[in-house]
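>>> Need the 3D shape of this:
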Amino acid sequence: MANIKRMLGMRLPPRQSAFLWGARKTGKSTYLKERFPDSLVYDFLKTDLFFEVSKNPAVLRERILAKDSKILGKPIILDEVQKVPQVLDEVHWLIENKGLRFILCGSSARKLKRGHANMLGGRAWRYELFPLVSQEIGKVDLLRALNHGMIPLHYLQDDTDCKKSLGAYIQDYLREEVFAEG
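Model prediction:
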């Protein structure tokens with residue numbers, strides 16, 4: 001992935017937060033690590049953090065406010081935010097009362113909306129990271145694009161590995177999550 005420069009131009013002026021949405025495996029986390037390398041990251045795929053914050057969302061606020069003000073000048077990244085929708089009330093409070101900026105990253109805004117989560121009422125811009133586009137890969141190999149798809153990892157894999165990856169992606173993500181949500 002490091003050799004593909006994504007076209008997304010996420011820009012956050014002072015006091016501005018953002019949602020970054022996109023299908024799984026499009027490179028959202030990788031993009032954020034490259035674009036905001038000095039930002040504080042809370043990844044809710046980490047089960048200890050997930051369980052701790054799920055039980056008591058205020059823990060996130062306490063952890064953030066305990067950090068040095070220099071690190072809090074950068075956007076704070078909450079990865080897989082759809083897993084802990086109740087944390088958005090804490091984010092809202094931190095934006096309004098402490099002037100902090102957040103990048104809230106995930107694969108499903110619908111899960112948040114369905115759970116009546118606080119969508120921050122215009123306090124966060126919306127960005128989307130799609131699968132690869134032609135400008136990101138240069139000369140497009142149409143046969144490769146049709147056979148591998150444009151998910152970055154799949155596009156870059158050899159044929160054998162790609163078939164296995166696509167099978168897993170279709171079974172585990174598209175069928176189980178996307179269709180089940182519909």
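>>> Checking residue 63 next. Helix, strand or coil?
helix (DSSP: H, G, I helix; E, B strand; the rest coil).
>>> ok, the spatially closest residue to it that is not a sequence neighbour - how many residues close by?
Setting aside the residues directly before and after it, residue 63 is nearest to residue 42 in space (Cβ to Cβ, 6 or more residues apart in numbering), at 7.7 Å. Every C-beta, even on glycine, is put in place using the N, C-alpha and C of the backbone. Residues lying near residue 42 (other Cβ atoms under 10 Å) number 20.
>>> so when I look at residue 42, I'm seeing a helix, right?
No - counting by three-state DSSP, residue 42 falls outside a helix, being strand.
>>> Can you name the residues bridging to the residue nearest the centre of the chain?
Per Cα atoms, centre = their mean, the C-alpha nearest to the average position across the chain is that of residue 105, at 2.7 Å. Applying DSSP bridges to residue 105 yields these beta-bridge partners: residue 20, residue 79.
>>> Looks like it contacts residue 30 (just checking).
No - look at residue 105 against residue 30 with Cβ atoms under 8 Å: they stay out of range, at 10.9 Å.
>>> So for the residue nearest to the centre of the chain, what's the pLDDT?
Turning to residue 105, the model gives it a pLDDT of 96.
>>> before we move on, what about residue 169?
86.
>>> picking that back up, close enough to count as contact, the residue nearest to residue 63 and residue 75?
No - using Cβ under 8 Å as the test, residue 42 is too far from residue 75 to be in contact (11.9 Å).
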